[in-house]
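*Asks:* This is the structure alone, sequence omitted:
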């Protein structure tokens, strides 16, 4: 009987050790998986035909951690940028882990932006938004840095940018979702601004950009304050895409309301993700997204550090 009790205690102790090890590994991102992954066609990659009549956008988020993964992702973007004939890059927040920047002269603007995304490889605007980790420092320093940089673009917490490609108008709307996700912040003002801007836009394509997703199968998921407010505006104003990071993975989700959710948050860190009923594509992989618009057609493509993962075409 004593031997049985000893063995039982031993098995329980071993189970606890294994479980504790698993929890530590999962917390420290040593175990990365894509749960419930379904088989999908990779799709056909679009080719840039005439850069003057096309709009090309590279999308990456959560780049603020100096990691080997970040170096590999940016190197892959650098290679892809040439063939993509990119017009701009979107930075989806958490630009500086763990606690933002201290001032407009913080050296991290050089190490984590200017030098990381070298101008010869990326000679175009970077539309940046704020993430929750950016709020650990001087948030306004990221706004003010717009006046010091030829490429960094963040004239305010929220702002819009328009592109006219031939007769096709494309409007980008950048919002501060940290204010919406936290009830004690000025979320209503943020949503009112977006509502007004979208109502005034008659662009063929409307793209909204923020840090926190409205739909996600990732580890963070979507915040109730976001899901209860933002989707209604995206539906009402016929938005095409909502771009976000926060979850450290790659996702394309269908809202069922006319707009698609892109998550591209694996710029420097990686976590597991899960396919849901709304998932079109998802992968726990370091990488970025490429959006190409030509006429009434829009392509969404996801890249890992070494290959193209998935492409879909939106529109006719």
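*Replies:* Yep, it's here. Predicted model only: the values in this text are computed from it and were never measured.
*Asks:* what residues are up against residue 60?
*Replies:* 73, 77, 89-92, 245, 264, 267, 288-289 (C-beta atoms under 8 Å, 6 or more residues apart in numbering). Backbone N, C-alpha and C define where each C-beta goes, glycine included.
*Asks:* for the stretch 151-300 of the chain, what spans make up the helices?
*Replies:* For the stretch 151-300 of the chain, applying DSSP state H, counting those that start in this stretch gives helices covering 177-181, 187-200, 224-227, 230-236.
*Asks:* so how far is the second one from its chain's centroid?
*Replies:* Average the C-alpha atoms of helix 187-200, do the same for its chain, and the two points are 21 Å apart (C-alpha atoms, centre = their mean, to the nearest Å).
*Asks:* Now do it: which elements does it pack against?
*Replies:* Helices and strands touching helix 187-200, by 3 or more C-beta pairs under 8 Å, 6 or more residues apart in numbering; DSSP states H and E, are strand 168-174, helix 177-181, strand 205-209, helix 230-236.
*Asks:* again, 7 Å this time
*Replies:* If you count contacts as 3 or more C-beta pairs under 7 Å, 6 or more residues apart in numbering; DSSP states H and E, helix 187-200 packs onto strand 168-174, helix 177-181, helix 230-236.
*Asks:* Please determine how far residue 295 is located from residue 140.
*Replies:* 40 Å (C-beta to C-beta, to the nearest Å).
*Asks:* Please apply the same query to residue 303.
*Replies:* 33 Å.
*Asks:* if you compare the helices and strands packed on helix 187-200, which one is most tucked away?
*Replies:* By mean neighbour count, with neighbours taken as mean count of other C-beta atoms under 10 Å, helix 177-181 ranks first of the helices and strands packed on helix 187-200 at a mean of 25.
*Asks:* ok, residues contacting that helix?
*Replies:* Where contact means C-beta atoms under 7 Å, 6 or more residues apart in numbering, the residues beyond helix 177-181 that reach it are 130-132, 135, 185-187, 190-191, 210-212, 223, 225-226, 229-230.
*Asks:* what's the spacing between stretch 100-110 and its chain's center?
*Replies:* Using C-alpha atoms, centre = their mean, the offset of stretch 100-110 from its chain centre is 22 Å.
*Asks:* In PyMOL, how would I select the buried members of the contacts of helix 177-181?
*Replies:* Buried residues among those (16 or more other C-beta atoms under 10 Å), as a PyMOL selection:
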select buried, resi 130+131+132+135+187+190+191+210+211+212+223+225+226+229+230
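*Asks:* show me where the stretch 1-150 of the chain has strands.
*Replies:* Ranges of strands within the stretch 1-150 of the chain are 34-35, 54-60, 88-91, 126-128, based on DSSP state E, counting those that start in this stretch.
*Asks:* Tell me which of the ones you listed sits nearest to residue 307.
*Replies:* Closest to residue 307 of those, according to C-beta to C-beta: strand 34-35, at 15.1 Å.
*Asks:* Cross-check the contact I'm expecting between residue 157 and residue 174.
*Replies:* No: applying C-beta atoms under 7 Å, one finds residue 157 not in contact with residue 174, separated by 8.6 Å.
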